[in-house]
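A.B. asks: only geometry, no sequence info:
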């Protein structure tokens with residue numbers, strides 16, 4: 001009985017260590033809200049860029065609102081991946097959110113894993129670039145929840 005309790009306690013502790021609590025955060029300039037790791041520190045909050053991080057994530061949201069973007073989101077992601085020297089890149093996957101059309105590409109940069117995404121506002125066509133760099137202990141379901149939580153207020 002004691003062994004079962006110790007095993008159960010270890011399993012609970014391991015699942016808690018691997019869990020990442022998410023909380024809403026808002027880039028006030030654009031009214032862009034998404035879920036990020038709870039307690040992440042905002043490093044930059046300007047018109048051009050919103051950066052936050054903790055020990056497991058580095059999240060960059062960049063406004064491309066002022067740029068002329070007639071290119072497809074997939075092409076834009078592939079160009080950024082090449083420029084940032086991403087390796088082991090996945091195919092671009094498209095998705096849709098209430099306010100956005102989205103595209104995401106997964107890859108690695110040096111030794112870190114990366115989700116790169118473009119979010120195009122349905123009404124205006126303006127684009128946000130999202131980069132989530134994370135360590136290998138993070139489950140992709142957490143990243144998907146983060147990426148698919150973007151809304152405009």
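C.D. replies: Okay, I see it. Source: prediction; values computed, not measured.

A.B. asks: low-confidence bits of this structure, can you list those?
C.D. replies: Counting by pLDDT under 70, the chain contains low-confidence residues at 1-19, 65-71.

A.B. asks: so for it, the centremost residue is which one?
C.D. replies: residue 132 (4.0 Å; CA atoms, centre = their mean).

A.B. asks: helix/strand/coil for it?
C.D. replies: In three-state terms, and counting by DSSP: H, G, I helix; E, B strand; the rest coil, residue 132 is strand.

A.B. asks: for it, which non-adjacent residue is spatially closest?
C.D. replies: Take residue 132 and drop its neighbours on the chain: the residue closest to it by CB to CB, 6 or more residues apart in numbering is residue 115, 4.3 Å away. Using the backbone N, CA and C atoms, a C-beta is placed for each residue, glycine as well.

A.B. asks: so what's that neighbour up against?
C.D. replies: By CB atoms under 8 Å, 6 or more residues apart in numbering, residue 115 lies in contact with 104, 105, 106, 130, 131, 132, 134, 143, 147.

A.B. asks: sec struct for the first one, please.
C.D. replies: Read it as residue 104. Under three-state DSSP, residue 104 falls in the strand class.

A.B. asks: that one and residue 147, how far apart?
C.D. replies: As judged by CB to CB, to the nearest Å, residue 104 and residue 147 stand 6 Å apart.

A.B. asks: likewise residue 41?
C.D. replies: To residue 147, residue 41 is 20 Å away according to CB to CB.

A.B. asks: ok, now residue 62?
C.D. replies: Distance of residue 62 to residue 147, given as CB to CB: 15 Å.
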